[in-house]
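**Student:** from the sequence below, what's the structure:
(4 chains)
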Number of protein chains: 2
Amino acid sequence: MDHHEPLQLERFLPYRLSILSNTVSHAIAREYQQRFALSVTEWRVMAILARFPDSSAREVTEHGALDKVAVSRAVARLVASGRVSRATHDGDRRRSVLNLTPAGWEIHDVVAPLARQHERDVIDKLSADELKTLVALLDKLSPV
Amino acid sequence: MDHHEPLQLERFLPYRLSILSNTVSHAIAREYQQRFALSVTEWRVMAILARFPDSSAREVTEHGALDKVAVSRAVARLVASGRVSRATHDGDRRRSVLNLTPAGWEIHDVVAPLARQHERDVIDKLSADELKTLVALLDKLSPV
DNA sequence: CTTTTATAGTTTCATATGTAACTATTTGCA
DNA sequence: TGCAAATAGTTACATATGAAACTATAAAAG
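**Tutor:** Presented below is the predicted three-dimensional model:
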């Protein structure tokens, strides 16, 4: 009585996405991990603060779909290493106001182009139209 | 002299992929994590063994783009909990021959449909044509 | 007001993970 | 043969991560 139905992994979407995403993120991470002693989460927080200055920790978690504990820890390390400044929000003393410091921007300005180059390596496998289509499809799938 | 170029995260592909992938995988994992005391890696190994019986540990790492240490540990736990059997390969005593046990198949036959349902929840946001297109685009992007 | 409830963020603890070093076995080749 | 190099897998260590409990502050309700 053998009647199992294994997942067709090679066509299983969550699995495909996971492999692709990990491969790409990992490739980018290799470039900055040792060079700047920067974890993936730390870099992600920096990228979010570059794009959305004056964010609170919670806003960072929302922008990045990150865990709040992970953000708390990454921010602590980034503040300790002088890459991010932390102030208290006027009018709500629970909230933090986070920004890249000049040292943080310096790193950002090196890593961001590396990340862009890696993205380019990936998307160069697609035509302009295909890329447009892919982004549109991802928009449709996005939980947000 | 302020001339920084933050990544447009909301359009940055690696970032989009990572968020989507994490969100989907996490949603699936919630269902089996506590219920079967099964980690994500363990489930992934089980799914691979269901699809590719008699795999060695190395073959599992290749099919799943997983780390060999992660696989070694997951297999150890799965063998300990009686969900996977491990034999030695005839003719190469370094290699293991891994398979789901009946207990492993029982869990597989519960979790696989859950995973499929979650995939469906995601995919249902797309038309049949759109899904076809997405899979084709992912094929193009895939490192393998 | 002042008490309850919600929110921002941190800390603690147990577990997961990655890198590098290690063991065992096999293969290649002098 | 027999020894160097490669391969399968494990172990050890340091670090990362997630869930739950905790602190501090703010908002809402009575």
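**Student:** now the nearest residue to A:Ala112 once chain neighbours are set aside: which helix or strand?
**Tutor:** Spatial nearest neighbour of A:Ala112, chain neighbours left out: B:Leu7 (5.5 Å); criterion: C-beta to C-beta, 6 or more residues apart in numbering or on different chains. (Glycine included, C-beta is placed from N, CA and C.) Assigned by DSSP states H and E, B:Leu7 belongs to neither a helix nor a strand.
**Student:** what is the burial count for A:Arg51?
**Tutor:** For A:Arg51, the neighbour count with other C-beta atoms under 10 Å in any protein chain shown is 16.
**Student:** what does the one 4 residues further on give?
**Tutor:** By other C-beta under 10 Å, the residues close to A:Ser55 number 22.
**Student:** ok, the nearest residue to it once chain neighbours are set aside - how many residues close by?
**Tutor:** The shortest distance from A:Ser55 to any non-neighbouring residue, by C-beta to C-beta, 6+ apart, is to A:Leu98 (5.5 Å). A:Leu98: 26 surrounding residues under other C-beta under 10 Å.
**Student:** show me what the lengthiest strand in chain A packs onto, helices and strands only.
**Tutor:** Using DSSP state E, we find that the single longest strand of chain A is strand A:92-100. Packed against strand A:92-100 by the contact rule (3 or more C-beta pairs under 8 Å, 6 or more residues apart in numbering or on different chains; DSSP states H and E) you find helix A:40-51, helix A:57-64, strand A:84-89.
**Student:** for the ones you listed, which one sits closest to DNA strand D?
**Tutor:** Nearest to DNA strand D among those is helix A:40-51 (4.3 Å), distances taken as C-beta to the nearest atom of the strand.
**Student:** quick one: is the closest one near DNA strand D?
**Tutor:** Yes. Using C-beta under 7 Å from any atom of the strand, helix A:40-51 reaches DNA strand D at A:Val40, A:Thr41.
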